[in-house]
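> Generate coordinates for the sequence data below:
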Amino acid sequence: MTNIPTDLLRTLVAVVDLRSYTKAAQSLGVTQPAVSAQIKRLQFLLGTDLFDKSAPGIALTPRGEMVVNHARRLLSINDQIFSLAGPRSAERTIRVGTPGDFVAAALPGALANFREQCPGVRFHVRSGSYDPLIRQLRQGEIDLLVTLSMGPALDARHHWKEEMVWVRGATTKIDPNRPLPLVSYGEDSMSHRLAVAALKKIGRDWEDVFFGPSIVSLSAAVAAGLGVMVLARRRVFGPGLVIWDDGGMPQLPLLNCGIYIREGSDRELLEQLADAIVTDLRPDADPAVVDVVSPPIVSARAKTSAA
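Numbers count the residues shown, from 1 in each chain. Sure, this is the predicted structure:
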């Protein structure tokens, strides 16, 4: 009986998940011709075409979809068996995406705790707004995403809601006859979009007085009296910051929060990391709570969107 090398199956899954031979080659650390050669060899061993050449982009044939589904299960079992031998000597870098205004303080602690259990894991964290981050996840450029959205958290491994509040400096004085001064990461940030949407509802003018790159810079700007900002209630801390519940400001809606993971053969490790992160981020999180969407994946067909 002919045995199928697992490296061929891993290459197939990488091409399908990343929807690109070039990106699959980059993720596997090989050249694009090597990826093409492995796919051709796999198709020769199976005696069938796995990709639909008449369709644009990366499209599987019906037989190809069946092979990919079986390949995922086989690779998962292979990786589980390999892990029985003990910790791997090679380190694994996990690429994490997140909006800085939400998890700047909580995420490092969760990652540190996870690394104690998996010493061979390293992290590359990048910040950004919802739309580019969710696109990077779908394209395989990041492995795990913790994010906020105004829309429902579809296909999230974990999801919950956060109460958002207005925050001002302890000595800040706001002139009700002038535009409200806003502090934020920028116009594309979820906190800015939430604040503007709420102000538009009551017909209140605003002006962007400070865009900053980090929660440290934003908090310092607000504490200094430059303006006000929107944050999750549980994330408001630091000297000189006051939650502005009694300032006659428009009520803010609850914001959807989700932890998403990339499709791929290393899902088990990413699921473990997502489960570890949620215990630090979710209000009253319980590791045993059932909040996992099935199937917990984000694919190119996912329709998660932010308003």
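> how about the nearest residue to Thr171, chain neighbours excluded?
Nearest in space to Thr171, with sequence neighbours left out and distances taken as CB to CB, 6 or more residues apart in numbering, is Gly225 at 6.3 Å. Every residue, glycine included, has its C-beta placed from N, CA and C.
> quick one: contacts for that neighbour?
Gly169, Thr171, Thr172, Lys173 (CB atoms under 8 Å, 6 or more residues apart in numbering).
> Widest-spaced pair of the residues you listed?
Spatially, the most separated pair among the contacts of Gly225 is Gly169 and Lys173, at 9.3 Å (CB to CB).
> what about these two, which has more around it?
Gly169 (22 against 7; other CB atoms under 10 Å).
> quick one: the more buried one from Phe210, how far?
Distance of Gly169 to Phe210, computed by CB to CB, to the nearest Å: 12 Å.
> Low-confidence bits of the chain, can you list those?
1, 82-91, 100-105, 152-153, 264-265, 283-307 (pLDDT under 70).
> How is it divided into domains?
6-83, 92-161+255-281, 164-243 (automatic domain parsing).
> export the ones you listed to TSV and tack on distance to Met249?
Shown next, in TSV, are the domains of the chain (distance: least, CB to CB, whole Å):
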stretch	distance to Met249
domain 6-83	44
domain 92-161+255-281	16
domain 164-243	5
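> okay, stretch 156-171 in CSV with CA atoms only?
Coordinates of the C-alpha atoms in stretch 156-171 are reproduced here as CSV (Å, rounded to 0.1, in the frame of the first residue of the first chain):
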residue,chain,number,x,y,z
ALA,A,156,-15.3,33.4,17.1
ARG,A,157,-13.7,30.8,19.3
HIS,A,158,-14.9,32.9,22.3
HIS,A,159,-17.2,35.9,22.4
TRP,A,160,-18.6,38.2,24.9
LYS,A,161,-19.7,41.9,25.3
GLU,A,162,-18.0,44.8,26.9
GLU,A,163,-19.5,47.9,28.5
MET,A,164,-18.0,51.1,26.9
VAL,A,165,-17.7,54.4,28.8
TRP,A,166,-16.6,58.0,28.3
VAL,A,167,-13.4,58.9,30.0
ARG,A,168,-12.1,62.3,30.9
GLY,A,169,-9.3,63.8,33.0
ALA,A,170,-9.9,64.5,36.7
THR,A,171,-9.6,68.3,36.1
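> Please list all residues in contact with the closest residue to Glu163 other than its chain neighbours.
Excluding its sequence neighbours, the residue lying closest to Glu163 (CB to CB, 6+ apart) is Arg233, at 4.6 Å. Counting by CB under 8 Å, 6+ apart, Arg233 touches Glu162, Glu163, Met164, Val165, Ile243.
> What segments of the protein are helices?
Using DSSP state H, the helices assigned to the chain run over residues 6-18, 21-28, 32-46, 62-83, 100-103, 107-117, 130-138, 190-201, 215-223, 267-281.
> How about the contacts made by the closest residue to Leu226 other than its chain neighbours?
Counting by CB to CB, 6+ apart, Leu226 lies nearest to Phe210, which is 5.0 Å off, once chain neighbours are set aside. Phe210 is in contact with Pro181, Leu182, Val183, Ser184, Leu218, Ala221, Leu226, Gly227, counting by CB under 8 Å, 6+ apart.
> change it to 6 Å
Val183, Ala221, Leu226 (CB atoms under 6 Å, 6 or more residues apart in numbering).
> Now a ChimeraX select for only the buried ones of those.
Applying 16 or more other CB atoms under 10 Å to the contacts of Phe210 leaves a buried subset, and the ChimeraX line that selects it is:
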select :183,221,226
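> how close does Ala112 sit to Leu269?
Here Ala112 is placed at a distance of 17 Å from Leu269 (CB to CB).
> if you count what's nearby, which of these two comes out ahead?
Taking neighbours as other CB under 10 Å, Ala112 and Leu269 compare with Leu269 leading, 20 against 10.
> How many neighbouring residues does the residue nearest to Asp266 when sequence neighbours are not counted have?
Take Asp266 and drop its neighbours on the chain: the residue closest to it by CB to CB, 6+ apart is Asp79, 7.0 Å away. Asp79 has 16 neighbouring residues, counting by other CB under 10 Å.
> Tell me how far Asp79 lies from Val121.
Taken as CB to CB, the span from Asp79 to Val121 is 14 Å.
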